[in-house]
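Trainee: Need coordinates for the below:
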Amino acid sequence: MPDTIVAASAAGAEITVAAAITTELVGEIRDRHDLWPTATAAVGRLTTGAALFAATNLKGNERISLQIAGNGPLGTVAADSWLLDEQTIGARGYARNARVDLPIDARGKFNVAGAIGEGSLHVTRSSDAGQPYVGVVPLASGEIAEDLAHYLGQSEQTPSVVALGVLANPNGIVAAGGILARVLPGADERALSALEQRALTMPSITQLIAGGADAAGLLRALTGEADLRSYRSIDVRFACRCSRAKVESVLLGMGADELLELTRERDLTEATCEYCKTRYVFTSEELRQLLSS
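Mentor: Have a look, this model is predicted:
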């Protein structure tokens, strides 16, 4: 099924819920970075979370960036998401160390917490104009879903339920997706408790998707018989913000002396995007022209 996010409101608009299918997105990220299984689960969860944040909390040219700085073998894990247009969300993600695969945990799931370790979650909301907003919280568990819910409760004072999942086998990504429910000011506290209880007792995200559930089906699994309204559906796909012009700006930022030294040391200078692995190659002559322009 195509990657999609469906968002809706419930309980008199006091709760907003969104569900995502991101199987193709996570598969492309896995292939681009040659991620090993545990790394795939971590990056897939974080990128799905970023896409859900974008679908429920961004406008215009704003961008959400999630970064986990942990002391585990994965190192930094990061994801970005933004609105490509009114009908499409773009998302990307990576792990500093792609080749991480730990034994499954006691629940039979990917040991993402072990791969991440202890550290902090950094959430940046930015746009092309104005100063970015940055929130930082300690990791609650390293499982990512709990960490995102912890951030929303601590930094945005928005009690939330977050569930994320990635199911993979040697042939690729079987299922990936997630759910985000935010409880707005004035909502009955029992509404949050009911959502938390359903999140604990419902089948896992990947079980539901592998069994054929679409994004709307994920919403219904969490909200049960709640009256959902104001449905909105938006496509999700892999995208990257890198370009040759941006790489040129980074090179110029090194300073004229260092750039000239590069032209003397080598015939070709190469830069690779961390997110999409696109390679940008510059000849010595192109660097000299860049300096002169």
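Trainee: List the residues that contact Leu192.
Mentor: Counting by Cβ atoms under 8 Å, 6 or more residues apart in numbering, Leu192 touches Pro159, Val161, Val183. In this view, the C-beta of every residue, glycine as well, is placed from N, C-alpha and C.
Trainee: Pull the number of nearby residues for Ser293.
Mentor: 7 (other Cβ atoms under 10 Å).
Trainee: what about the residue lying closest to Pro73 once chain neighbours are set aside, how many neighbours?
Mentor: With sequence-adjacent residues excluded and distances taken as Cβ to Cβ, 6 or more residues apart in numbering, Pro73 is closest to Val100, at 4.9 Å. Neighbour count of Val100, defined by other Cβ under 10 Å: 25.
Trainee: With Asp227 instead?
Mentor: Neighbours around Asp227, by other Cβ under 10 Å: 10.
Trainee: Does the residue nearest to Pro73 touch Ala39 like I think?
Mentor: Yes. Applying Cβ atoms under 8 Å, one finds Val100 in contact with Ala39, separated by 4.5 Å.
Trainee: Which residue ranges of the stretch 151-293 of the chain form helices?
Mentor: Counting by DSSP state H, counting those that start in this stretch, residue ranges of the helices within the stretch 151-293 of the chain are 189-201, 205-210, 215-223, 244-253, 256-265, 284-292.
Trainee: pLDDT wise, what is Gly253 at?
Mentor: Each residue has a pLDDT score; the one for Gly253 is 89.
Trainee: Please apply the same query to the one 3 residues further on.
Mentor: The predicted local confidence for Ala256 comes out at a pLDDT of 86.
Trainee: What about the closest residue to it other than its chain neighbours, how many residues nearby?
Mentor: The shortest distance from Ala256 to any non-neighbouring residue, by Cβ to Cβ, 6+ apart, is to Leu291 (5.9 Å). Using other Cβ under 10 Å, Leu291 is surrounded by 13 other residues.
Trainee: and Leu291, what is it in contact with?
Mentor: Leu252, Ala256, Leu259, Leu260.
Trainee: Next: Tyr94.
Mentor: By Cβ under 8 Å, 6+ apart, Tyr94 lies in contact with Ile29, His33, Val43, Val77, Ala78, Ala79, Glu274, Tyr275.
Trainee: let's see 10 Å
Mentor: By Cβ atoms under 10 Å, 6 or more residues apart in numbering, the contact list for Tyr94 reads 29, 32-33, 35, 39, 43, 46-47, 76-80, 273-277.
Trainee: ok, now how distant is it from Leu192?
Mentor: Going from Tyr94 to Leu192 by Cβ to Cβ, to the nearest Å gives 33 Å.
Trainee: re the thing from before, so which of the contacts of Tyr94 belong to helices?
Mentor: Counted as lying in helices by DSSP state H, out of the contacts of Tyr94, are Ile29, Arg32, His33, Ala39, Val43, Leu46, Thr47.
Trainee: Give me the buried subset of the contacts of Tyr94.
Mentor: Buried members of the contacts of Tyr94, counted by 16 or more other Cβ atoms under 10 Å: 29, 32-33, 35, 39, 43, 46-47, 76-80, 273, 275-276.
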